[in-house]
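Undergrad: I would like to see how this sequence folds:
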Amino acid sequence: MDKNSKPGVPLVTHIYTADPSAHVFEGKLYIYPSHDMDLDAPDDENGDQYQMEDYHVLSMDDIGAPCADCGLALHMNDVPWVSGQMWAPDAAFKNGVYYLYFPAKDKEGIFRIGAATSGNPAGPFTPEPDYIPGSYSIDPAVFTDDDGESYMYFGGLWGGQLEKWQDGVFNPDAPPQEGSLGGVLSACPFVAQMNGDMLTFKDKPSKIKILGEDGKPLTARDEDRRYFEGPWMHKYNGEYYFSYSTGTTHYLVYATGKSPFGPFTYKGRILEPVIGWTTHHSIVEFKGKWYLFYHDSSLSGGVSHKRCVKYTEIKYNADGSIRTVKPG
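TA: Residues are numbered from 1 along each chain as shown. Purely as a prediction, here's the structure:
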């Protein structure tokens, strides 16, 4: 167990962690990060330097309390369909069961999204024998609305293969999305409503529209605002807040809407760039305050694939806008 956690300080230092998904379960904070491997590898746009193979769950009794590593929750060797690269996960609770959702490459090298279950928020988790039918790409984030309906948001460009799925089928020859595409519309993330079993989609995933305040869809060239990866959904004062990473420009930004399916209108930045290549986050309410969990590469001195999870409080203005955080 690490010493008392403080805002802007790594939650744990004995392993590299990233992509934190924070939830309040059983009155405590549980954080579901990816587990960066301590290896030397060159960076590339396919993400081959991120050779993660398992998950550890972190927990805190309270904000500022020591952060505990609850141990190994799931390993790729336990999942029949996985060939490697278990990236950013998420978790949910329903039906008396805790669900762990994770992306990984299948035996054909295509990213899919799997599910595993447990009676304990810390795991260990037992994986389903196959990935969620109709799932693809990376970065699953599951949001349960006030009416009990749950939705999975997912998708990531470049190594996450999102640009290869824009027509609903995998196109291995789809070109990467670059800023040079000019007026081409930005590749869209996807959302799928989940069935009551939390293991299957109710309908085929649909594209999420992210609009500028002029009502027009964001373009691929708009790298300060367009979607890249790391979706998250939360609700504040009845409004849906869809937040994500811009990737190449290293911002965490958000857009708001009236429906969990969107469309969402871009509103602003949540977090300015951190040490490292990009950011991946979650937003959670705990004891009446809101917290942003994110990662950077400060623990490794800036190595992009050796990251550490941190948190900070976020605050809203009277109009519902989020005050931008500048990392310390």
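
Undergrad: all contacts plus neighbour counts: C-alpha atoms, from now on.
TA: Noted.

Undergrad: look up phi and psi at the one residue sitting closest to the centre of the chain.
TA: Centroid-nearest residue in the chain: residue 230, 4.1 Å away (criterion: Cα atoms, centre = their mean). With angles defined as degrees, to the nearest 10, residue 230 sits at phi 70, psi 50.

Undergrad: can I assume residue 253 is in contact with residue 241?
TA: No. If you go by Cα atoms under 8 Å, residue 253 and residue 241 don't touch, sitting 10.0 Å apart.

Undergrad: so residue 19 versus residue 208, what's the distance?
TA: Distance of residue 19 to residue 208, given as Cα to Cα, to the nearest Å: 21 Å.

Undergrad: ignoring the adjacent residues along the chain, who's closest to residue 100?
TA: With sequence-adjacent residues excluded and distances taken as Cα to Cα, 6 or more residues apart in numbering, residue 100 is closest to residue 91, at 4.5 Å.

Undergrad: the one you found - how many residues pack around it?
TA: Applying other Cα atoms under 10 Å, we find 23 residues neighbouring residue 91.

Undergrad: show me how far the helix or strand hosting it is from its chain's centre.
TA: Here residue 91 sits within strand 90-94, counting by DSSP states H and E. Chain-centre distance of strand 90-94: 13 Å, with Cα atoms, centre = their mean, to the nearest Å.

Undergrad: what do you get for stretch 18-28?
TA: For stretch 18-28, the distance to the chain centre is 12 Å (Cα atoms, centre = their mean).

Undergrad: residues contacting the residue nearest to the centre of the chain?
TA: 139, 154, 155, 156, 243, 244, 245, 280, 281 (Cα atoms under 8 Å, 6 or more residues apart in numbering).

Undergrad: tell me the one of those nearest residue 300?
TA: Residue 300 lies nearest to residue 280 out of those, by Cα to Cα, at 17.0 Å.

Undergrad: give me the distance between the closest residue to the closest one other than its chain neighbours and residue 279.
TA: Sequence neighbours aside, residue 19 is the residue nearest to residue 280 in space, at 4.9 Å (criterion: Cα to Cα, 6+ apart). To residue 279, residue 19 is 8 Å away according to Cα to Cα.

Undergrad: joint contacts of those two?
TA: Residues touching both residue 19 and residue 279 (Cα under 8 Å, 6+ apart): 294, 295.

Undergrad: neighbour-wise, which of these two wins?
TA: Set side by side, residue 19 and residue 279 show more neighbours around residue 19, with 29 against 26, by other Cα under 10 Å.

Undergrad: what secondary structure does that one sit in?
TA: strand (DSSP: H, G, I helix; E, B strand; the rest coil).

Undergrad: ok, and what's touching stretch 274-281?
TA: Contacts of stretch 274-281 (Cα under 8 Å, 6+ apart): 18-21, 229-230, 232, 244-245, 247-252, 273, 292-298, 302-304, 307, 327.

Undergrad: filter those down to the buried ones.
TA: 18-21, 229-230, 232, 244-245, 247, 249-252, 273, 292-298, 303-304, 307 (16 or more other Cα atoms under 10 Å).

Undergrad: looking at these, which are in strands?
TA: With DSSP state E as the criterion, strands contain 18-21, 229-230, 232, 244-245, 252, 292-296 from among the buried ones among the contacts of stretch 274-281.

Undergrad: and those, which two are furthest apart?
TA: The widest separation within these (Cα to Cα) is 17.6 Å, between 232 and 296.

Undergrad: pairing partners for the host helix or strand of residue 55, with directions?
TA: In the assignment (DSSP H and E), residue 55 maps to strand 54-60. Neighbouring strands of strand 54-60 in its sheet, by DSSP bridges, are strand 28-36 (antiparallel), strand 67-75 (antiparallel).

Undergrad: can you say which of these is packed in most?
TA: strand 28-36 (a mean of 25; mean count of other Cα atoms under 10 Å).
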